[in-house]
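Asks: what shape does this take:
(chains A and B)
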2 protein chains.
Amino acid sequence: MSFDRELEEKVKEIETVIGQYLPKEEGYQKTVVEAMNYSILAGGKRLRPMLLLETYRMFGGQGKVAEPFMAALEMIHTYSLVHDDLPCMDNDEYRRGKKTTHTIYGEGMAVLAGDGLLNYGFETALKAFSLVQGEEEWRRVADALSIFAGKSGIYGMIGGQTADIEAESRKDEMTENCLMFIHVHKTAALIQSAMMIGAVLAGASGEEIERVEKCATNIGVAFQIQDDILDVTGSLDLLGKQTGSDAKNQKATYVTLKGIEQAKKDVECLSEEAIGIVSSFKERNGFLEALIKRLVTRQK
Amino acid sequence: MSFDRELEEKVKEIETVIGQYLPKEEGYQKTVVEAMNYSILAGGKRLRPMLLLETYRMFGGQGKVAEPFMAALEMIHTYSLVHDDLPCMDNDEYRRGKKTTHTIYGEGMAVLAGDGLLNYGFETALKAFSLVQGEEEWRRVADALSIFAGKSGIYGMIGGQTADIEAESRKDEMTENCLMFIHVHKTAALIQSAMMIGAVLAGASGEEIERVEKCATNIGVAFQIQDDILDVTGSLDLLGKQTGSDAKNQKATYVTLKGIEQAKKDVECLSEEAIGIVSSFKERNGFLEALIKRLVTRQK
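Replies: Okay, here's the model as predicted:
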């Protein structure tokens, strides 16, 4: 089977899992649930749940315990987009070619839908406890929950988002350190979360989990630099969003700091290291290796 | 010692616990942490952590495992206020006589601070796992986490907030059922969370936890009806916020639906039942009983 065909089937498999964990659109809270589900079902690559599942499988995981975490992580990712798109943040009317949540449901409901998704992410992840037995497996779920919480919060994604907003309000001061902090936290943190949770749930060792974290960091940073590159070189049709927007906003990016050639070299270097790590484990996962290659070399 | 003196000392004790769990204001994420801590330290009755702790003690709880949950619940309560106050929600410039978070830090940072508090609430509650040993205690923490998550989300507080916003946009349709849903979810859910978590962590039985939930529901609903009554009868000085605001906003309240005399009777009835429940357990907690009496008969 071709990689693209396999990818397509795996996305479907993941969307089935996510669908099973979506809340019902009923009761007095119906509107917020509709807004939550609209946001989740508006598409996306399902990258984080996919990385979670494939890392889990690479380390020999076979049960269903990864599933609530897969859905939960997509909820966290989605809430961050809903809040990011708000008029008081990036003020985006479209995402992935579809109207953003606040454009349809209003700002107040979009704030609530984001809160609802964030909270429901934890409610969903906590369901993993009901899928395991015995102290060892319980401990894995608790460890996975800690990673899930930490990588989403102020020492993870929210921290990166904060630094990003701060940096925009004082453009002249952007440093490479600050930009790397933003990329590692805003983008890489949920990829770290995905792969580390997969590894932890499958019973990987501490040393393996550290290497997985490093691999995920590289993927996230490479992915984000590639995003900066594509913002310069891409087109509206390919990305489904207006490109050149960073330049329009005079936003400091990896490309403006280091130049496009260096940026391309760094993506390559980070990618090679990431692929090196994922290929170094005792058990291999060919699909995961191919997926990572695709991610960091994507042209859209 | 007088009740007021005891209350004051217990608030201090609780603020010390909360203080130990607040994140440090440092690093690239410093601003969001400042905004989070500003919001938490802006005051409040610390009612939810107090109810949690006193219920825990009533059922014989003596360890430190309640502490992360106390801090976590105050974080959840605080995030809900930060997001409620946003211009796209209630648009309040002051709360408890202090500037609201978005007024000081801007709207984008207030959205992030709310997200940060919500997420950090879970990070904090998860720390309880490190304070217990053995399967029985682990299970109690996991059960407490499920209550914590559920009562904060779309089937708890966020659900109530959604119904409230919806009701405001179609005032003529407000029914008693819908108003009760709002009070039970928007206000009572975190009080249920507080008291049920206290009970669960102390090892209360399923039947006891159910009665605690009923007691908390009554407290929350009575508290909210009392709020509606005070909105009509109170004054700016006593409440630290403009009163008569519901009437100004033409908001349907328990008082407008049922009349002030019936509202007062219902508060009394709900309160008596709540006090009856809390006095019915094998072990008593005189302070908790006095606190509940005070809450539901408060004049400010």
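Asks: the helix or strand in which A:Leu145 is found: what's the following helix or strand?
Replies: Assigned by DSSP states H and E, A:Leu145 falls within helix A:134-152. Where DSSP H and E defines the elements, the next helix or strand beyond helix A:134-152 is helix A:157-168.
Asks: next structured bit after that following helix?
Replies: Going down the chain from helix A:157-168, the next helix or strand is helix A:176-182, by DSSP H and E.
Asks: for that following helix, what is the average pLDDT?
Replies: Per-residue pLDDT over helix A:176-182 has a mean of 95.
Asks: same thing with stretch A:148-155?
Replies: Regarding stretch A:148-155, the rounded mean pLDDT is 98.
Asks: tell me how far the closest residue to A:Thr100 other than its chain neighbours lies from A:Arg139.
Replies: In this structure, A:Thr100 finds its nearest non-sequential neighbour in A:Asp85, 4.1 Å apart by Cβ to Cβ, 6 or more residues apart in numbering or on different chains. Using the backbone N, CA and C atoms, a C-beta is placed for each residue, glycine as well. Distance check for A:Asp85 against A:Arg139: by Cβ to Cβ, to the nearest Å, it reads 38 Å.
Asks: same thing with A:Ile219?
Replies: 27 Å.
Asks: higher neighbour count, the two?
Replies: A:Ile219 (29 against 14; other Cβ atoms under 10 Å in any protein chain shown).
Asks: what is the neighbour count of A:Gly19?
Replies: 12.
Asks: okay, the angle between the longest helix seen in chain A and helix A:157-168?
Replies: Longest helix of chain A, by residue count under DSSP state H: helix A:206-233. Helix A:206-233 runs at 40 degrees relative to helix A:157-168, counting by axes from the mean of the first three to the mean of the last three Cα atoms, to 10 degrees.
Asks: so which elements touch helix A:206-233?
Replies: helix A:47-58, helix A:189-201, helix A:245-248, helix A:254-258, helix A:260-278, helix A:286-297 (3 or more Cβ pairs under 8 Å, 6 or more residues apart in numbering or on different chains; DSSP states H and E).
Asks: I'd guess A:Gln299 is in a strand, am I close?
Replies: No. Using DSSP: H, G, I helix; E, B strand; the rest coil, the assignment for A:Gln299 is coil, not a strand.
Asks: how near is it to chain B?
Replies: From A:Gln299 across to chain B, the span is 31 Å (Cβ to the nearest Cβ, to the nearest Å).
Asks: A:Ile229 is in contact with that residue, correct?
Replies: No. In this structure, A:Gln299 is not within contact of A:Ile229 by Cβ atoms under 8 Å, at 9.7 Å.
Asks: just checking, which helix or strand of chain A averages the lowest pLDDT?
Replies: Ranked by mean pLDDT, DSSP states H and E, the weakest helix or strand in chain A is helix A:236-239, scoring a mean of 50.
Asks: quick one on the thing from earlier: neighbour-wise, which of A:Gln299 and A:Ile229 wins?
Replies: Neighbours per residue (other Cβ under 10 Å) separate A:Gln299 from A:Ile229, with A:Ile229 holding more: 19 against 10.
Asks: tell me which of the helices and strands packed on helix A:206-233 is the most buried.
Replies: For the helices and strands packed on helix A:206-233, average neighbour numbers computed from mean count of other Cβ atoms under 10 Å in any protein chain shown are highest in helix A:189-201, which has a mean of 29.
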